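Colleague: Generate coordinates for the sequence data below:
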Amino acid sequence: TIETASADLKAALKALPRGYRAKGPLFQINACGTRAVPTTLTVFIPDGAEPWETLDLLAWDGKVWQWVGGHLDADNGVLVTSVKEVPQNVILAQTTITSALVASDLPASGNVAAEGAPLATMLFVPGLLPAEDGGINGDPEALPRPPDDVAAALYPTLRNWTKPGRANAGLVSDMIANTKLRATHVKALTALVAKSRYAGVQIDYRGLSKDDRAAFSDLITQLGDSLHKVNKKLAVVIPAPQPNDDGTWDTQGYDWHSIGAAADTVQMDLPTDPAAYGTSSAEALVRWATGETSRYKLYLGLTSLSVDQAGTDVTYLPLDQALKPFGNVKGPDGTITPGTAVSVTLSGSAEGVTFDPATKAYRVTYAANNQAHTVVLGSGSSLATQLGWALRYRLRGVTIRGLLEAGNDPAVFGAVQEYAAQTPPPDIEAIKVTWTVQGTPAATSPLTRTELVWTAPNAPGTFSIAAAIAGISRGQVTLTVVASAAT
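Modeller: Sure thing, here's the model as predicted:
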């Protein structure tokens, strides 16, 4: 227990890392033989340690405290983690800080949306690729620059892809398999930022397999050490793991513990399509991630734009373009007699529209050029829900792709402002169809039911019926009501 701990341990307990408060006893573990044995630790959660979802396990090795994580098993009231070697001392600690930082990608043009620019504290600058010889492809001098009044920290991002969904995994796999090329890559990336305006480097290498796991971890460890020697930081993007049938997650070529230990920030991209989670859920993935890398390093990768996927091709769209499959207002042909109920609809190519209550996101399927497409609509309501998870689990921050682009749902910016102020984002209503008759609001309907049943008035005349989604016009139709013929 803490009371019977040695003087050195008592001193260590008074010097827990910033952002932690001890909960429960200190566990001193005596190992028979070597400690270098993979082990599962199970620690019971004591009374008064709420909220459980923000608890971590810390280990003291006699010199420093180390984060060892822990997955919450709420049914049994325990935190469970796997370690590569048995720690000497372990304690349960409650996290106490919510930083709520906001990062985003700098548009390739360098032009930024005025509403989004003041919200980001960190910007990732695209335009560079890894080279086969361990060097860098692309001209660092030609990278986009933000406007002078943008004060965010800048990080050039190295990607093995130029189009979302089309990563060149083989290029990275071949390069990191060679020890000398790994070292060359580390030197090239360090030289890129050592004497520059950049705060560090972001690595975004996707599609790596389990065979690449050890080599990629070694690359990140070396790079982190090298950048820290020149007072620069390392940010690493980890693609979302794939769901397994048993509810666990397949991390493929990415060793979360090793990457988290070496990097200053770790970004996990959250899939936008609700179907990507299998039998699990988006929030369950967020909760799982906090047990794999320190939440104080973890950024949740989100998007404020809409996402259109056709096969492996992924396109980020402004909301007005994403709504095109809904088409425009269509009414009945011919004239209408008073008292007749008629159907006014949206006549688009959308074949299936579903709403995911967990993420408050609409998923739309349609076909174009004989190819099936799936669109997940970006909206303030969906983004606010995900920002709420980042606050609940006390993550360091979020990276919002598209925040500085034109065409966002206006509600996005209010949600991000509330998040950055560490205020739970408001419960924004999901986007709807707004119907007007003669310019006067008549009804609203969810996107799963894009129809207005309108009853013609007794007075003859012409009537204009219009529709809009999230304030974006879907056109109008003019209906003519004529008196019934006398009998």
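
Colleague: nearest spatial neighbour of Asn480, skipping sequence neighbours?
Modeller: No, residue 480 isn't Asn; it's Thr. Of all residues not flanking Thr480 in the chain, Thr335 sits nearest, at 4.8 Å (CB to CB, 6 or more residues apart in numbering). Heads up, the C-betas are built off the backbone N, CA and C, glycines and all.

Colleague: Could you pull up the residues touching Pro164?
Modeller: Contact partners of Pro164, counting by CB atoms under 8 Å, 6 or more residues apart in numbering, are Asp313, Val314, Thr315, Tyr316.

Colleague: how far away is the second one from Thr423?
Modeller: Read it as Val314. Val314 sits 32 Å away from Thr423, going by CB to CB, to the nearest Å.

Colleague: before we move on, what about Pro325?
Modeller: For Pro325, the distance to Thr423 equals 35 Å [CB to CB].

Colleague: before we move on, back to that, quick check on the contacts of Pro164: which are buried?
Modeller: Using 16 or more other CB atoms under 10 Å as the burial test, the contacts of Pro164 include Thr315, Tyr316 as buried.

Colleague: Go through the contacts of Pro164 and say which is closest to Pro156.
Modeller: Tyr316 (20.3 Å; CB to CB).

Colleague: where in the protein is pLDDT low?
Modeller: Along the chain, the model assigns pLDDT under 70 to residues 1-5, 33-35, 485-487.

Colleague: Can you show me the helices along it?
Modeller: 7-13, 169-176, 179-194, 213-229, 256-262, 282-289, 319-322, 380-392, 411-420 (DSSP state H).

Colleague: follow-up on the earlier one: between Pro325 and Thr423, which one's more packed in?
Modeller: Between Pro325 and Thr423, counted using other CB atoms under 10 Å, the more crowded position is Pro325 (20 against 11).

Colleague: Tell me who's in contact with the more buried one.
Modeller: Pro325 neighbours (CB under 8 Å, 6+ apart): Gly348, Ser349, Ala350, Val364, Tyr366, His373, Val375.

Colleague: quick one: the closest residue to Gly397 other than its chain neighbours from Arg206, how far?
Modeller: In space, Gly397 comes closest to Leu101 once its chain neighbours are excluded; the distance is 3.3 Å by CB to CB, 6+ apart. To Arg206, Leu101 is 23 Å away according to CB to CB.

Colleague: more crowded one of these two?
Modeller: Remark: of Leu101 and Arg206, Arg206 carries more neighbours, 21 against 17, as counted by other CB under 10 Å.

Colleague: Could you pull out the strands in the stretch 251-400 of the chain for me?
Modeller: Applying DSSP state E, counting those that start in this stretch to the stretch 251-400 of the chain gives strands spanning 265-269, 298-303, 306-310, 313-317, 329-330, 341-346, 352-356, 361-368, 371-376, 397-401.

Colleague: Report the distance from the fourth one to the chain centre.
Modeller: Here strand 313-317 shows a centroid-to-chain-centroid distance of 15 Å under the convention CA atoms, centre = their mean, to the nearest Å.

Colleague: now do the longest one
Modeller: On the basis of CA atoms, centre = their mean, strand 361-368 is displaced by 20 Å from the centre of the chain it belongs to.

Colleague: returning to that earlier point: which one of the contacts of Pro325 sits closest to Thr95?
Modeller: Of these, the one sitting nearest to Thr95 (CB to CB) turns out to be Val375, at 36.4 Å.

Colleague: which residues touch the closest one?
Modeller: Residues counted as contacts of Val375 (CB under 8 Å, 6+ apart) are Ser306, Val307, Asp308, Gln309, Leu317, Ala322, Pro325, Arg363, Val364, Thr365, Tyr366.

Colleague: go with 7 Å
Modeller: Shown in contact with Val375 (CB atoms under 7 Å, 6 or more residues apart in numbering): Ser306, Val307, Asp308, Ala322, Pro325, Val364.

Colleague: Neighbour-wise, which one of these leads?
Modeller: Ser306 leads the contacts of Val375 on contacts (other CB under 10 Å) with 28 neighbours.

Colleague: Turn the contacts of Pro164 into CSV, including distance to Pro271.
Modeller: Output for the contacts of Pro164, formatted as CSV (distance: CB to CB, whole Å):
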residue, distance to Pro271
Asp313, 16
Val314, 11
Thr315, 15
Tyr316, 14
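
Colleague: of the contacts of Pro164, closest to Thr450?
Modeller: Comparing the contacts of Pro164 against Thr450 with CB to CB places Thr315 closest, at 23.0 Å.

Colleague: The closest one against Ser306, yeah?
Modeller: No - Thr315 is not in contact with Ser306 according to CB atoms under 7 Å; the separation is 9.0 Å.

Colleague: what's the spacing between the closest residue to Ala341 other than its chain neighbours and Ala467?
Modeller: Using CB to CB, 6+ apart and skipping residues adjacent in sequence, the residue nearest Ala341 is Thr455, 4.8 Å away. To Ala467, Thr455 is 17 Å away according to CB to CB.

Colleague: okay, the two: which has more neighbours?
Modeller: Neighbours per residue (other CB under 10 Å) separate Thr455 from Ala467, with Ala467 holding more: 27 against 11.

Colleague: could you list every residue that touches the residue lying closest to that one once chain neighbours are set aside?
Modeller: Using CB to CB, 6+ apart and skipping the chain neighbours, the partner closest in space to Ala467 is Arg474 (4.4 Å). By CB under 7 Å, 6+ apart, Arg474 lies in contact with Phe326, Asn328, Val329, Leu346, Ala467, Ala468.

Colleague: try 10 Å
Modeller: By CB atoms under 10 Å, 6 or more residues apart in numbering, the contact set of Arg474 is 323-324, 326-330, 346-348, 433-435, 450, 466-468.

Colleague: same deal with Asn89?
Modeller: Each residue near Asn89 by CB under 10 Å, 6+ apart is listed here: 5-6, 9, 12-13, 26-29, 58-62, 65.

Colleague: and if you look at Leu16?
Modeller: Taking CB under 10 Å, 6+ apart, we find Leu16 in contact with Ala22, Leu58, Trp60, Trp65, Ile91, Ala93.

Colleague: try 6 Å this time
Modeller: Leu16 is in contact with no residue at all, counting by CB atoms under 6 Å, 6 or more residues apart in numbering.

Colleague: cool, and Ala215?
Modeller: Ile176, Ala177.

Colleague: separation between it and Trp161?
Modeller: Per CB to CB, Ala215 is found 19 Å from Trp161.

Colleague: wait, Ser280 sits on Asn244?
Modeller: No - Ser280 is beyond contact range of Asn244, at 9.0 Å (criterion: CB atoms under 6 Å).

Colleague: neighbour-wise, which of the two wins?
Modeller: The residue with more neighbours, out of Ser280 and Asn244, is Ser280; 15 against 12, by other CB under 10 Å.

Colleague: how close does the more buried one sit to Thr455?
Modeller: Taken as CB to CB, the span from Ser280 to Thr455 is 46 Å.

Colleague: try Leu92
Modeller: For Leu92, the distance to Thr455 (CB to CB) stands at 64 Å.
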